[in-house]
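**Q** predicted structure and sequence below. I'll ask about it afterward.
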Amino acid sequence: MTRALTESYTLSNGVDMPKFGLGVWKVADDVAASTVQAAIEAGYRHIDTAAAYQNEVGTGAGVRASGVARDQLFVTTKIWNAEQGYDTTLAAFQASLDKLQLDYVDLILIHWPVKGKYKDTWRALEKIYSEGKARAIGVSNFQIHHLQDLIEASEIVPMVNQVEYHPLLTQVELQSFCQEHNIRLTAWSPLMQGNLDIPLLAEIGAKYSKSPAQVVLRWDLQQGVVTIPKTTTPSRLVENADVFDFELTEEEVAQISALNRNQRFGPDPDNFNF
């Protein structure tokens with residue numbers, strides 16, 4: 001499994017991004033430290049945090065405590081909505097580096113498309129990238145119209161778009177647009193915040209002796225989508241990542257995709273308020 005967890009997709013700028021990682025949304029700072037360390041020791045090489053999660057200190061501590069060389073890890077963080085704008089983004093990014101106690105991040109994202117601000121925020125990310133403080137830059141929760149607007153006004157096309165993505169929200173048109181523009185899609189909340197009681201997932205899982213969660217995560221990977229499930233349970237860290245020893249058939253992938261109901265468990269990127 002450890003070798004499988006190093007499998008990666010190559011981003012548009014040539015940087016390798018591990019296909020599978022750990023998300024630490026809503027994980028307390030002190031718990032993040034032990035969870036990140038345990039994940040890395042279990043073979044994870046991709047850790048996803050954000051300023052808004054208020055656990056960058058713990059995440060950075062876990063990275064250092066793991067003993068794994070920094071260049072073997074992929075660390076993502078995000079610029080929060082209240083910090084968007086050119087100068088405020090530069091300051092917020094430095095604050096994130098200070099909390100993480102890292103010299104650079106592998107990926108920095110705009111957390112949400114704040115109207116009237118995300119273009120200036122992106123210009124700041126382009127500067128951060130040009131200075132080598134981030135190996136890649138991207139966005140999160142951007143819809144097609146946000147991406148079109150940003151691309152038209154920017155020098156660099158986002159390398160990643162992290163969005164809510166799961167069998168009940170397949171975002172087919174958005175995924176197609178991202179593929180056309182060489183933007184790698186990443187799934188947040190891939191396990192639908194635990195709403196996995198779906199007979200089809202259990203049926204397919206039984207065939208492979210896998211859980212519904214493992215079936216969904218395998219579906220993500222076969223869709224070419226980076227996936228970053230969250231857990232703080234050591235056994236789940238191992239279970240979630242145990243998805244590299246089986247492959248869904250084309251029919252099963254199609255059946256899972258057909259579960260789509262355009263159902264969100266998180267905010268709508270066109271109507272969020274925080």
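**A** Ah, there it is.
**Q** give me the buried stretch members for whichever helix in the chain runs longest, please.
**A** Ranked by residue count under DSSP state H, the longest helix found in the chain is helix 86-100. Buried positions in helix 86-100, judged by neighbour count with 16 or more other CB atoms under 10 Å: 86, 88-90, 92-93, 96-97, 99-100. C-betas here are computed from N, CA, C, even on glycine.
**Q** dump those into a markdown table; add pLDDT and distance to Leu73 as well.
**A** Shown next, in a markdown table, are the buried residues of helix 86-100 (pLDDT from 0 to 100; distance: CB to CB, whole Å):
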| residue | pLDDT | distance to Leu73 |
| --- | --- | --- |
| Tyr86 | 98 | 29 |
| Thr88 | 98 | 28 |
| Thr89 | 98 | 24 |
| Leu90 | 98 | 24 |
| Ala92 | 98 | 22 |
| Phe93 | 98 | 18 |
| Ser96 | 98 | 16 |
| Leu97 | 98 | 15 |
| Lys99 | 98 | 16 |
| Leu100 | 98 | 11 |
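**Q** so which of these is the closest to Ala39?
**A** Set against Ala39, the nearest of the buried residues of helix 86-100 by CB to CB is Leu100 (15.6 Å).
**Q** report the contact partners of the closest one.
**A** By CB atoms under 8 Å, 6 or more residues apart in numbering, the contact set of Leu100 is 49, 56-57, 59-60, 63, 75, 77.
**Q** with neighbour count and secondary structure added, can I get the residues you listed in CSV?
**A** CSV is the format used below for the contacts of Leu100 (neighbours: other CB atoms under 10 Å; DSSP: H, G, I helix; E, B strand; the rest coil):
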residue, neighbour count, secondary structure
Thr49, 30, coil
Glu56, 26, helix
Val57, 17, helix
Thr59, 31, helix
Gly60, 24, helix
Val63, 22, helix
Val75, 25, strand
Thr77, 29, strand
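**Q** endpoints of stretch 150-163, how far apart?
**A** 16 Å (CA to CA, to the nearest Å).
**Q** buried set for it?
**A** Of all the residues in stretch 150-163, those buried under the rule 16+ other CB under 10 Å are 150, 156, 158-163.
**Q** state the pair within the residues you listed that is farthest apart.
**A** The largest distance within the buried residues of stretch 150-163, taken as CB to CB, falls between Ile156 and Val163 and amounts to 19.2 Å.
**Q** now do the strands in the stretch 1-150 of the chain.
**A** Counting by DSSP state E, counting those that start in this stretch, the stretch 1-150 of the chain has strands at residues 8-10, 16-18, 22-23, 46-48, 74-79, 107-110, 137-140.
**Q** using a markdown table, lay out those strands together with mean pLDDT and distance to Leu125.
**A** Formatted as a markdown table, the strands of the stretch 1-150 of the chain follow (pLDDT from 0 to 100; distance: least, CB to CB, whole Å):
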| stretch | mean pLDDT | distance to Leu125 |
| --- | --- | --- |
| strand 8-10 | 97 | 20 |
| strand 16-18 | 98 | 16 |
| strand 22-23 | 97 | 20 |
| strand 46-48 | 98 | 17 |
| strand 74-79 | 98 | 8 |
| strand 107-110 | 98 | 6 |
| strand 137-140 | 98 | 4 |
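**Q** would you mind giving those as CSV with distance to Asp29 added?
**A** Below are these laid out as CSV (distance: least, CB to CB, whole Å):
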stretch, distance to Asp29
strand 8-10, 28
strand 16-18, 23
strand 22-23, 15
strand 46-48, 14
strand 74-79, 14
strand 107-110, 20
strand 137-140, 21
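**Q** compare the ones you listed and give me the one nearest His181.
**A** strand 137-140 (11.7 Å).
**Q** which strands and helices sit next to that closest one?
**A** Packing partners of strand 137-140 (3 or more CB pairs under 8 Å, 6 or more residues apart in numbering; DSSP states H and E): strand 107-110, helix 118-130, helix 144-152, strand 160-164.
**Q** hmm, Ser211 is touching Ile204, no?
**A** No - taking contacts as CB atoms under 8 Å, Ser211 lies outside contact range of Ile204: 10.5 Å.
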